[in-house]
Each structure stands twice: as C-alpha cells, then as structure tokens.
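[1] structure, please.
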Amino acid sequence: MALCRLRSRSQTPMADQMASGEGFGLDCELPVPLDNPRQLFAQIPQIPNLEVYFQNTEDIVKLLLSGDLDMGIVGLDTVSEYGQGKEDLIIVHNALGYGHCYLSLEIPKEHEDFEKINSVMELSQMPKWNEKEPLVVATSFPKLGQKFMKEKGLKHVRFFSPKGAVEVAPKMGTAHVVLDLVNTGETLRANNLREIDGGIALESQAVLVASRKSLLYRVGALGTTHEILKRLEEHLKAVGQFKVTGYMSGSSFEEVAEQVFSQLTLSGLEEPAIHQVFHRRDGEMVVDSYAIDICGPKELLDSPVQQQLRAMGACRVQVSQITKIYDQVNSKWQELRSKLGEENLSKLGL
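    Below is the predicted model:
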C-alpha cells in the first residue's frame, strides 16, 4: 500500500502536459516516467512513497471523497461541479499554471430566436421562457449551471446532460443553448455557436486537490504533500522570470550603485544586486569590476535594461532564465496548514 497516492486525469490535454513534463512534471523536477503512452500508472523516483494513476476527472473527485485516493490533479471546473459542499475535499494549490479554460454560455449563431441576443441579461429577459417552456441548457456541469443561472436571474431553466458532446445539442433540437468549457474556441465555432456578454460562469485551470482525512490521518501523506508543494512553488514563482547580469568597472560599491540607481529604469523589477568580481593579478586577489544582477519578467528586461547597462559602460551583458525561486516561507503550505487547522495538526503531532 502506498503511503501517498496521487492521481491525475487521463485522455485529456492536461494529462498530456503532465506526462510530457509540462506543468507538474519535469519543470518541477518530478518527472512522471511512462514507458508506454497507454500506461495509466507510474511512480516518481524522487518521492518513493508516491504512486501516480491516470484517471477520469469525475472519478478522481469521487475517489477522493470515498477515501480511495489521497490527492489528485484536476481542473477547478471538475472540483467545483462534483465537490460542491464537500468538507473533506480541500484545494491544496489553486493555480498550477496549465489546463486553462473557462465555462461559458454559448448560443446558436443562426437561429431566429437568438439573432438579437448578445448578453445573458438579454437572454434572461426573453418572454418566451416560462414554467411550461423553460430554457433548455445542454451541459456536463448542471450544478454549476444551476448556480450560474440563478445568479443571472434566469428562473425558468432545465438542464440536459448528455453523455457525449454537448455542442451539437442545439442543432439536434435537444437544447436551446450550451454551457461548456472553452479553451481555444474552435469547437464552438465549428458547431455554429457563439459566446455572449456576461456568459462566463467559471475560470478554470489545473489544481491540486486532496482528501482532508488522508492529509490528517494517512501516515506520510502530509509530508509528501509538503514536498510536492515546495517543488511546485519553487517552479511556479520562477515562471516567466529572467535575470540580466551586466559587468562594469568601478572603484567602489557606492560608485557603481549610484550609477545603477540613477540611470536604470527599474519600475516593476526587483532591486538590483551588486557583487564584487575578483581577479588574480600578480599573485594577488583584486577587485576591479562589479556584476549587477537584475531580475524580473522578460518583457521588462529585454531591450530597455540591456541597452541601459551597455550605455553605462557594461563590458558584458548576460541574460538567463530563472528556473527556481526559493522562499523561506511557502505561502501555500501555510494556507494548507490553516485549512487543516493548527489545533488538529498539533493534536496529531504534525
């Protein structure tokens, strides 16, 4: 029996990203080795007590609630639909940075009833919807749909949840509109559907979710979760971050610092770090130049900072991508401990 079992969705773009090393995998130095593309289980060598199973999204949430697994990576949409009101389900990390999509209301492009409808408000004000003839919504997310429609003031609504694709339902006449996940929008366009203003019910991406009971009572589960969170945060904080290093001559820290702070545009960037560069000359260690490190998003570092460093007399400028950022305090770990309750953790010696 594994001390901790992590399961992720299968046969989806999110699973492809995970297996290929994007998102949770190689970027966090936790590769999920798969010898065969049809293989649905694996182990992560860096964490010996961790087993990975690729499962269906809906099943992941159900298995978490039944206690048959400890953690899972799914979309926020799935957690929100199948885990609504379930206290044992706990979101460990709410933004893994991949699997982005959103749940959106879509209406037929070529239908006389909807020709002049451009917003959810206009849809809700259509007089034809009543108790006998409600608006029929095709969706795989009836719970989220019901909540969204109520918030938008649509009272007479019925949900239709086919097992297959929902986008074709208006064409078949089994539904008036569709509430479905949108990624690129290609599917809805291919099926003559269009989005309307105010129609986004939920923004979603991959999240790490866990069983509260497993984290508190399964031996080793919380420690493994801590290790996963540490690696995730180190990677996610570094996404899109770069470092520019310029080498300059100068007689002192103060002289170089004054030049850097007076001439560099540092808006949106971290304060630069200035280091002495040592050289051996005639058998002695001497300092005759300084290295200036500036970190920040690539778009802010690309041209302006590099050009300014050269204009200040930098003899060499290097640009490198940051792959990890270590922080003494892991905010996600602190949030998780707070959700679990420090008092509960203390009683259990965790």
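[2] tell me which helix or strand in this protein has the weakest average pLDDT.
    helix 13-20 (a mean of 46; mean pLDDT, DSSP states H and E).
[3] after that helix, which helix or strand is next? Please name it.
    strand 41-43 (DSSP states H and E).
[4] list the buried residues for the helix or strand just after that following strand?
    In the C-terminal direction, the helix or strand that comes right after strand 41-43 (DSSP H and E) is strand 50-55. With burial defined by 16 or more other C-beta atoms under 10 Å, the residues of strand 50-55 counted as buried are Leu50, Glu51, Val52, Tyr53, Phe54, Gln55. C-beta here means a position set from N, CA and C on the backbone, and glycine is covered the same way.
[5] also stretch 107-118?
    Result for stretch 107-118 [16+ other C-beta under 10 Å]: buried residues Ile107, Pro108, Phe114, Ile117.
[6] assumed Val61 was part of a strand.
    No: applying DSSP: H, G, I helix; E, B strand; the rest coil, one finds Val61 to be helix, outside a strand.
[7] going forward, begin numbering at 43 instead of 1
    Yep, numbering from 43; the last one is Val103 now.
[8] any idea how far Val121 is from it?
    In this view, Val103 and Val121 are 6 Å apart by C-beta to C-beta, to the nearest Å.
[9] give me the common contacts of the two.
    Counting by C-beta atoms under 8 Å, 6 or more residues apart in numbering, the common neighbours of Val103 and Val121 are Leu131, Val251.
[10] how about the helices in the stretch 243-392 of the chain?
    Secondary structure of the stretch 243-392 of the chain (DSSP state H, counting those that start in this stretch): helices at 254-259, 263-278, 295-305, 340-342, 348-353, 373-382, 384-389.
[11] return the most buried member of these.
    Burial of the helices of the stretch 243-392 of the chain is given as mean neighbour count (mean count of other C-beta atoms under 10 Å); helix 263-278 ranks first at a mean of 20.
[12] packing partners of it?
    strand 46-51, strand 113-117, strand 131-135, strand 248-253, helix 254-259, helix 373-382 (3 or more C-beta pairs under 8 Å, 6 or more residues apart in numbering; DSSP states H and E).
[13] please repeat the previous calculation with a cut-off of 7 Å.
    The elements that helix 263-278 packs onto, with contact taken as 3 or more C-beta pairs under 7 Å, 6 or more residues apart in numbering; DSSP states H and E, are strand 131-135, helix 254-259, helix 373-382.
[14] once you drop chain neighbours, what's closest to Ile102?
    Distance criterion C-beta to C-beta, 6 or more residues apart in numbering; nearest residue to Ile102, sequence neighbours excluded, is Gly114 at 4.0 Å.
[15] measure that neighbour to Glu100 for me?
    According to C-beta to C-beta, Gly114 and Glu100 sit 11 Å apart.
[16] contacts for the longest strand along the chain?
    For the chain, the strand reaching the highest residue count under DSSP state E is reported as strand 326-339. For strand 326-339, contacts defined as C-beta atoms under 7 Å, 6 or more residues apart in numbering pick out 282-283, 285-292, 298, 302, 310-312, 314-321, 343, 347, 364.
[17] please repeat the previous calculation with a cut-off of 8 Å.
    Taking C-beta under 8 Å, 6+ apart as the rule, strand 326-339 contacts 282-292, 295, 298, 302, 306, 308, 310-312, 314-322, 343, 347, 351, 356-357, 364.
[18] same question for stretch 284-294.
    By C-beta under 8 Å, 6+ apart, the surrounding residues in contact with stretch 284-294 are 298, 301, 319, 330-340, 343, 347-348, 351-352, 354-364.
[19] buried among these? Need that as a selection in PyMOL.
    Here is the PyMOL command that selects only those of those that count as buried (16+ other C-beta under 10 Å):
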select buried, resi 298+301+331+332+333+334+336+337+338+343+347+348+351+354+356+359
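[20] in stretch 213-225, what counts as buried?
    Buried-residue list, stretch 213-225, by 16+ other C-beta under 10 Å: Ala217, His218, Val219, Val220, Leu221, Asp222, Leu223, Val224.
[21] can you get me the start-to-end distance on it?
    Start and end residues of stretch 213-225 are separated by 21 Å (C-alpha to C-alpha, to the nearest Å).
[22] is the closest residue to Asp119 other than its chain neighbours bridged to anything, and to what?
    Leaving aside its sequence neighbours, Asp119 sits nearest to Ser246 (C-beta to C-beta, 6+ apart; 4.2 Å). Here Ser246 shows beta-bridge partners Cys143, assigned using DSSP bridges.
[23] ok, now which ones touch Ser246?
    Contact partners of Ser246, counting by C-beta under 8 Å, 6+ apart, are Gly117, Leu118, Asp119, Ser122, Gly141, His142, Cys143, Tyr144, Leu145, Leu223.
[24] switch the cut-off to 7 Å
    Gly117, Leu118, Asp119, Cys143, Tyr144, Leu145.
[25] okay, it: pLDDT?
    On the pLDDT scale, Ser246 is placed at 96.
[26] now do the domain split for this structure, please.
    Following automatic domain parsing, the chain resolves into domains at 46-141+247-280+371-389, 143-245, 283-363.
[27] now the residue sitting furthest away from the middle of the chain. Its backbone dihedrals?
    Going by C-alpha atoms, centre = their mean, the residue of the chain most distant from its centre is Asp324, 54.6 Å out. Backbone torsions of Asp324, given as degrees, to the nearest 10, read phi 50, psi 40.
[28] let me see the contact set for it.
    Listed by C-beta under 7 Å, 6+ apart, the contact set of Asp324 is empty.
[29] mean pLDDT lowest where, among the helices of the stretch 243-392 of the chain?
    helix 340-342 (a mean of 80).
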